[in-house]
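K.L.:
sequence first, predicted model second:
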Amino acid sequence: MFNYPAVFKREGNGYVIRVPDLPEVVTEGNSIDEATEFAADAIEGVLAEYVSRKRDIPAPRPAKRGMRVIRLPLLTQAKLSLYMALRKMGIRKADLARRMGVSKAQVERMLDLDHASRLDQIESAFKALDKQLSLDIQDAA
């Protein structure tokens, strides 16, 4: 769901990466693997800022020819999905905390992309929203 297409451009001995759906993301790496890793980190950083500023998360558009898709970690995707569900339903962090019987700080950590939350906590948050988190397995590209 949060797999963003990126443009990799060869420059000098490395690659410069841009993500059209997130114009703030511009990074570089010496190899394709390094550039991909740096791009994923940059995307997470930008999206964390979107969350902190209570902005909508742009949906990734389909990749065009010549683009590479940057896949975000599953935990990051779960956290972003929770954030988007809260926004769509008009539910505040404090409201979710009450529904779950936890502190607001615990909910804030669940939405913090840098915090190593447990997946079962995020599942509980979705359950409190009458939603279910599911996992989809696909063949690797």
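P.N.:
Perfect, I can see it now.
K.L.:
which helix of the chain spans the most residues?
P.N.:
helix 32-52 (DSSP state H).
K.L.:
what angle do the longest strand anywhere in the chain and helix 32-52 make?
P.N.:
Assignment by DSSP state E gives strand 3-11 as the longest strand of the chain. With axes from the mean of the first three to the mean of the last three Cα atoms, to 10 degrees applied, the angle from strand 3-11 to helix 32-52 works out at 130 degrees.
K.L.:
run through who's touching strand 3-11.
P.N.:
Applying Cβ atoms under 8 Å, 6 or more residues apart in numbering, the contact partners of strand 3-11 are 15-22, 25, 28, 32, 35, 39, 43, 60-64, 66-72. For the C-beta atoms, the positions are set from N, CA and C on the backbone; glycine is no exception.
K.L.:
what's the answer for stretch 119-129, then?
P.N.:
Contacts for stretch 119-129 (Cβ under 8 Å, 6+ apart): 75, 78-79, 82, 85-86, 89, 91, 96, 99-100, 106-107, 110, 132-133.
K.L.:
also stretch 76-86?
P.N.:
By Cβ under 8 Å, 6+ apart, stretch 76-86 touches 1-2, 44, 47, 51, 57, 72, 92-93, 96, 110-113, 117, 119, 122, 125-126, 129, 131, 133.
K.L.:
and if we set it to 7 Å?
P.N.:
Surrounding stretch 76-86, the residues in contact under the criterion Cβ atoms under 7 Å, 6 or more residues apart in numbering are 1-2, 44, 47, 51, 57, 96, 110-111, 113, 117, 119, 122, 125-126, 129, 131, 133.
K.L.:
check the offset of it from the chain's centre.
P.N.:
8 Å (Cα atoms, centre = their mean, to the nearest Å).
K.L.:
hang on, the earlier thing: pull out the buried residues from the longest helix of the chain.
P.N.:
35-36, 38-40, 42-48, 50-51 (16 or more other Cβ atoms under 10 Å).
K.L.:
same for it, what does it pack against?
P.N.:
Judged by 3 or more Cβ pairs under 7 Å, 6 or more residues apart in numbering; DSSP states H and E, the packing partners of helix 32-52 are strand 3-11, strand 14-18, strand 26-29, strand 68-71, helix 74-89.
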